[in-house]
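*Asks:* any chance you could fold what I've pasted below:
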Amino acid sequence: MSSLNLSEDHFDYICDQLKTHLSGIGLEHYPFKIGWYNQMVSPKFRLPFDDNCIAFVIISTPDMFELAFIPYLRNYWLDNKSCSDPIDECMKYHFNLLKEKLSAFSVEVIHDFELFMPNRRPRVLVQTAAHVSGAAFYYKPDFISDSTDISHKLLGVCIHPLFGGWFAIRGVIVFKSLNNVSLKARQPIDVIPGIDSKKRLLLNFNYHWKDWSYRDVIPVLKKYSDLQIKYFSLKPCERKEFINYLIHLKN
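*Replies:* From the prediction side, this is the model:
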């Protein structure tokens, strides 16, 4: 397939394929142009693709755990001796399925956990990608800078308009040959009214993240299940026994 001048029909086809695969496993996709992302980040974080290339940021909704992760454990994690994170391996599996299915479009997958070595710099700033795609609003630490000198030490956080903080950004899929589509920018929804509420969100996320309260900054459509909360509350080194429980848990 030619690497140039792919039509709107190709874009629609890709969107349909993504929806068909992802919606059944609790994942969602949001398109954006590489140029939109590159304009928002410093040169060292820019993605090395044409500004007009179409990419999709992939997020996991609260349903991912039961629809994708537990089935993955049961089918592929038995006797697995890997030291890798099981959630990461689950996402690799599903992203690779999509990459194979859509390989004609010259696909590159960038996971949220991928780092450049040895400086351990992220390959992609997924929160910025989520923001420019319209998937979720990225609240940066500069909301606090007018009242304290600690903003440079804080991490920003994305909030989804339906799921609040009860979601995760799993990575970006770049279609390098899809660069001739007239995609309109979709602005993320700022769901946190007022500077004080934004400051409170950032402080809760940075200093009280263990109590999960920042996730409920807005009323949400759905939260993580008790099983999912239990899993993520455990330290990675403590999850092996719980994984075995999930594998043998009856539906």
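
*Asks:* partner strands of the helix or strand hosting Ile110, parallel or antiparallel?
*Replies:* Assessed by DSSP states H and E, Ile110 sits inside strand 107-111. Using DSSP bridges, the strands paired with strand 107-111 are strand 168-175 (antiparallel).

*Asks:* pLDDT below threshold where in the protein?
*Replies:* 1-7, 78-83, 145-152, 251 (pLDDT under 70).

*Asks:* now do the strands in it.
*Replies:* When secondary structure is read from DSSP state E, the chain shows strands at 27-33, 54-60, 107-111, 115-116, 121-122, 137-139, 157-159, 168-175.

*Asks:* list of residues touching stretch 133-141?
*Replies:* Residues from elsewhere that reach stretch 133-141 (C-beta atoms under 8 Å, 6 or more residues apart in numbering): 28, 30-32, 56-57, 59, 127-128, 130-131, 151-161, 167, 169, 185-192, 198, 201-202. The C-beta positions use only the backbone N, C-alpha and C, and glycine is treated the same way.

*Asks:* show the buried residues in these.
*Replies:* By neighbour count, with 16 or more other C-beta atoms under 10 Å, the contacts of stretch 133-141 hold 28, 30-32, 56-57, 59, 127-128, 130-131, 151, 154, 156-161, 167, 169, 188, 191-192, 198, 201-202 as buried.

*Asks:* how many neighbours does Lys92 have?
*Replies:* 18 (other C-beta atoms under 10 Å).

*Asks:* pretty sure Phe45 sits against Val126.
*Replies:* No. Counting by C-beta atoms under 8 Å, Val126 is not a contact partner of Phe45; they are 11.1 Å apart.

*Asks:* circling back to that earlier point, just how off-centre is the strand holding Ile110 within its chain?
*Replies:* Strand 107-111 sits 12 Å away from the centroid of its parent chain (C-alpha atoms, centre = their mean, to the nearest Å).

*Asks:* what angle do that strand and strand 54-60 make?
*Replies:* 40 degrees (axes from the mean of the first three to the mean of the last three C-alpha atoms, to 10 degrees).

*Asks:* cool, thanks, talk later.
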